[in-house]
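> Predicted model and sequence follow; I will ask about them next.
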Amino acid sequence: MNDEQVEELGAIESIYPDIIQKHSDGSFDVFISAILDQNATDGVRMNVLFTEHYPNDAPILTFKPFGSTSNHIIEEVKQVAHDVVNRSLNSPMTFDIIEAIREYLEKLTIVDTPKAPEIYRKVYDKYTSVSLETFLSWKKAYDEEQKELERSRMEAIKNDIFINGLTYAEVWSKPTGKQLFERGEELEVEEEIKDEDIEIVS
């Protein structure tokens with residue numbers, strides 16, 4: 001996998017941590033059901049293998065049913081995935097494929113009680129819809145925020161006593177053993193150069 005593919009897979013794992021299963025050959029399975037639950041008894045197992053030039057080329061996708069899902073549904077799912085791939089070439093598309101299949105399976109789900117759809121809507125309407133792009137944007141902003149918080153924390157404590165009467169700033173401003181060693185080598189080289197530049201007059 002190249003860096004972009006690794007980043008996309010990492011984002012997918014973060015969004016769907018319970019339904020992703022990675023394999024040693026670089027491919028991964030996504031267990032897709034109507035509600036993307038790791039305990040779902042019916043759904044589709046989609047195996048994804050990024051090609052060398054993905055996303056400029058389509059990924060290799062294979063589908064298998066689990067539970068009571070029929071082969072007829074698998075054929076329909078293949079068409080759903082095919083449509084997403086065709087309109088998404090040259091950009092990351094795994095998230096869109098998963099969501100398109102989930103929405104298709106959701107339409108097929110028969111709910112026994114009329115109250116269940118309303119409960120489902122009330123629970124899931126609380127959350128913001130997430131796409132791969134919005135997730136990566138959020139993660140970048142979150143990482144920058146954490147770095148800024150760490151800088152602020154270090155700034156706040158830099159004058160606090162850390163050890164042996166020294167402040168944090170004094171301790172961390174001192175050169176490390178490695179830096180002293182490297183600095184010593186530089187001084188030796190400078191001394192050798194100075195010795196070579198000395199002209200002895202007799």
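That came through, no problem. Numbering: from 1, shown residues only.
> and the closest residue to Ser91 other than its chain neighbours, what does it touch?
Of all residues beyond its chain neighbours, the one nearest Ser91 is Pro55 (5.7 Å), with distances taken as CB to CB, 6 or more residues apart in numbering. Placement of C-beta: from N, CA and C, glycine included. Under the criterion of CB atoms under 8 Å, 6 or more residues apart in numbering, the contact list for Pro55 reads Glu4, Ser88, Leu89, Asn90, Ser91, Pro92, Met93.
> give me that answer again for 7 Å
Remark: with contacts taken as CB atoms under 7 Å, 6 or more residues apart in numbering, Pro55 is in contact with Leu89, Asn90, Ser91, Pro92, Met93.
> what does Met1 give?
For Met1, the set of contacting residues under the criterion of CB under 7 Å, 6+ apart consists of Gly26, Phe50.
> Distance check, it against Glu103.
Look at Met1 and Glu103: by CB to CB, to the nearest Å, they are 27 Å apart.
> just to revisit the earlier point, kindly indicate which of the contacts of Pro55 lies nearest Arg153.
Proximity to Arg153 was ranked across the contacts of Pro55 by CB to CB; first place goes to Pro92, at 34.5 Å.
> you'd agree that closest one is up against Glu7?
No - Pro92 lies out of contact with Glu7 (CB atoms under 7 Å); the separation is 8.6 Å.
> Tell me which residues are up against stretch 28-42.
The contact list for stretch 28-42, computed with CB under 7 Å, 6+ apart, reads 9, 16, 18-22, 43-48, 66-69, 98, 101-102, 105-106, 109.
> neighbour-wise, which of Pro92 and Glu7 wins?
With other CB atoms under 10 Å as the criterion, Pro92 and Glu7 differ in neighbour count, and Pro92 comes out ahead with 20 against 15.
> Excluding chain neighbours, what is closest to that one?
Distance criterion CB to CB, 6+ apart; nearest residue to Pro92, sequence neighbours excluded, is Glu8 at 4.7 Å.
> Assess the claim that that neighbour and Asp96 are in contact.
No - between Glu8 and Asp96 no contact is recorded; they are 11.3 Å apart, counting by CB under 7 Å.
> Comparing the two, which residue is more hemmed in?
When Glu8 and Asp96 are compared on other CB under 10 Å, the one with more neighbours turns out to be Glu8, at 21 against 17.
> now what about the host helix or strand of the more buried one, what contacts it?
Glu8 is part of helix 3-15, with elements assigned from DSSP states H and E. Applying CB under 7 Å, 6+ apart, the set of residues contacting helix 3-15 from outside is Ile20, Phe28, Phe50, Tyr54, Pro92, Thr94, Phe95, Val130, Leu132, Phe135, Leu136.
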